[in-house]
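> turn this into a structure:
(4 chains)
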There are 2 protein chains.
Amino acid sequence: MRDERLTTITETAAALGITARAIRFYETKGLIAPQRVGANRVYNHRDRGRLKLILRAKRLGFSLEDIREYLDLYDADPVQLEQQQLLLAKVEKRIAELEQQQTDLAITLDELREISRQTRVYLERNQSEESQ
Amino acid sequence: MRDERLTTITETAAALGITARAIRFYETKGLIAPQRVGANRVYNHRDRGRLKLILRAKRLGFSLEDIREYLDLYDADPVQLEQQQLLLAKVEKRIAELEQQQTDLAITLDELREISRQTRVYLERNQSEESQ
DNA sequence: AATAAAGTTGACGTATACGTCATGTGCAAC
DNA sequence: GTTGCACATGACGTATACGTCAACTTTATT
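Numbering: from 1, shown residues only, chains lettered A, B, ... in the order given. The predicted model follows:
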C-alpha cells in the first residue's frame, strides 16, 4: 500500500486548492480530526480523502453541517437497529434530494447549451457579414 | 394563452414555498422587477418563471450574484460582437462547472446508494435472526 | 366610517463560512 | 543565541441570504 505519507496543513491545503484556515475551520466543525505531531496537525491518506469528499459535497451546495452528517454515515458503525433505520431514512432522503438536483442540472445545462448554440450562430452570422 | 393572472407577493411566495421577504430580497439584488399596482408588487407568468429559475439555480448551489449574471444571459439582447463573445465565454465556463457538478453528483449518488444497500442488507440479516 | 388584513420600507439581528490580524511557540539554520 | 519560518490559538471582521421587528400606508370587509 502506497501513499501513507503524512502531509502538513499547508501542503494539504495547497494540494486541494484551499487555505489552511479553511481546513482548521472544518476541524472546529467536527468534519476532520487529524493526528498531531506535537502541536502540529498531520494529514494521512484517509484525511485527504475526507477533505476531497468535503469539497465535492460543497460543490453540490451542501452546508458544512450537512456534510458532517453525511460523513457520519461513513463512520456509522452498525450499532442498533433503530439507529440503522434512522440512517437509512436519512440516506434515502439525501438520495432523493440529489436526484432532484440531477433533474435541475439537466434542465439548466440544456438551457445554457441552447444559449451557447444561439450565441454561436449569431456570432457566425455577423462574421460572414463582415467578410463580405 | 392562459395563466396571465397577476399574483400578490404572498400568493407567489406560498406557491413557491418561500417567504415574501425572500422575494423582496431578490428584488433588491436585481433578480426580479415586478410591476406595481399602486405600491403593491404584482407578479405575472414571466416573473413566476424567473423565480422558479432562481430557486432551481439556488438548489444547484449558485449564489444570488451568480444567478443575477445567469438571468442576464436570458435578457441579453444581441448588441455588440464583443459582448456576445464575453457572454459565450461565460456561458461555456458555467457549462463546464455544471458538468463537473454532474460528475460530483454521480459519484455522491453512487456512494449513498451503496450505503443504502449495505444498510438494508444489514437490517434484513438482523430481522431474520430475530425471527429464529 | 371603522377595523382588520395585507403590503411597504427601513433597520437591526442571525447563521454560515471563512479571511485577517495579533500573539505565541517550537525548530532549523546561521 | 537569535533570526526566521511554519504552525498554533484566539479574536475580530466580512459577505451572503435572509429573519424579524417596527412603523406606516393601502386595500378589503363589515
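
> the closest residue to A:T119 other than its chain neighbours and DNA strand C: what is the separation?
Beyond its immediate neighbours in the sequence, the residue positioned closest to A:T119 (C-beta to C-beta, 6 or more residues apart in numbering or on different chains) is B:L88, lying 4.6 Å away. For glycine as for every other residue, the C-beta is placed from the backbone atoms N, C-alpha and C. Here B:L88 is placed at a distance of 30 Å from DNA strand C (C-beta to the nearest atom of the strand, to the nearest Å).

> and B:L88, what pLDDT?
Confidence at B:L88, expressed as pLDDT, is 85.

> contacts only, for it.
Remark: with contacts taken as C-beta atoms under 8 Å, 6 or more residues apart in numbering or on different chains, B:L88 is in contact with A:S116, A:T119, A:R120, A:L123.

> ok, A:E27 next?
A:A33, A:P34, A:R41.

> host element of the residue nearest to A:T119?
Here B:L88 is covered by helix B:81-130, with elements defined by DSSP states H and E.

> number of residues surrounding whichever residue of chain A sits closest to chain B?
Closest to chain B within chain A is A:G61: 2.8 Å, counting by C-beta to the nearest C-beta. The local packing count at A:G61 equals 15, with neighbours defined by other C-beta atoms under 10 Å in any protein chain shown.

> please name the nearest non-neighbouring residue to it.
B:G61 (2.8 Å).

> relative to DNA strand C, how far out is that neighbour?
In this view, B:G61 and DNA strand C are 10 Å apart by C-beta to the nearest atom of the strand.

> ok, that residue touching A:S63?
No - applying C-beta atoms under 8 Å as the test, B:G61 and A:S63 come out as separate, 10.3 Å apart.

> of the contacts of B:L88, grab the buried ones for PyMOL.
Under the burial definition 16 or more other C-beta atoms under 10 Å in any protein chain shown, those of those that qualify are selected in PyMOL by:
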select buried, chain A and resi 116+119+123
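
> dump the contacts of B:L88 to TSV, plus distance to DNA strand D.
TSV is the format used below for the contacts of B:L88 (distance: C-beta to the nearest atom of the strand, whole Å):
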residue	distance to DNA strand D
A:S116	24
A:T119	26
A:R120	30
A:L123	31
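
> adding distance to A:L55 and pLDDT, write the contacts of B:L88 out as a markdown table.
Supplementary listing: the contacts of B:L88 in a markdown table, determined by distance: C-beta to C-beta, whole Å; pLDDT from 0 to 100:
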| residue | distance to A:L55 | pLDDT |
| --- | --- | --- |
| A:S116 | 27 | 89 |
| A:T119 | 31 | 85 |
| A:R120 | 32 | 89 |
| A:L123 | 35 | 85 |
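
> for the contacts of B:L88, work out which two are farthest apart.
The largest separation in those, counting by C-beta to C-beta, is between A:S116 and A:L123 at 10.6 Å.

> low pLDDT regions in chain A?
For chain A, the stretches flagged by pLDDT under 70 are A:1-2, A:78-79, A:129-132.

> excluding chain neighbours, what is closest to the residue nearest in space to the middle of it?
Residue closest to the mean C-alpha point of chain A, counted by C-alpha atoms, centre = their mean, is A:R56 at 1.4 Å. Of all residues beyond its chain neighbours, the one nearest A:R56 is B:D104 (4.9 Å), with distances taken as C-beta to C-beta, 6+ apart.

> residue contacts, the one you found?
The contact partners of B:D104, by C-beta under 8 Å, 6+ apart, come to A:R56, A:R59, A:L60.

> got CSV for those, with secondary structure and distance to DNA strand D too?
Written out in CSV, the entries for these read as follows (DSSP: H, G, I helix; E, B strand; the rest coil; distance: C-beta to the nearest atom of the strand, whole Å):
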residue, secondary structure, distance to DNA strand D
A:R56, helix, 20
A:R59, helix, 15
A:L60, coil, 15
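
> how's chain A carved up into domains?
A:1-61, A:76-132 (automatic domain parsing).
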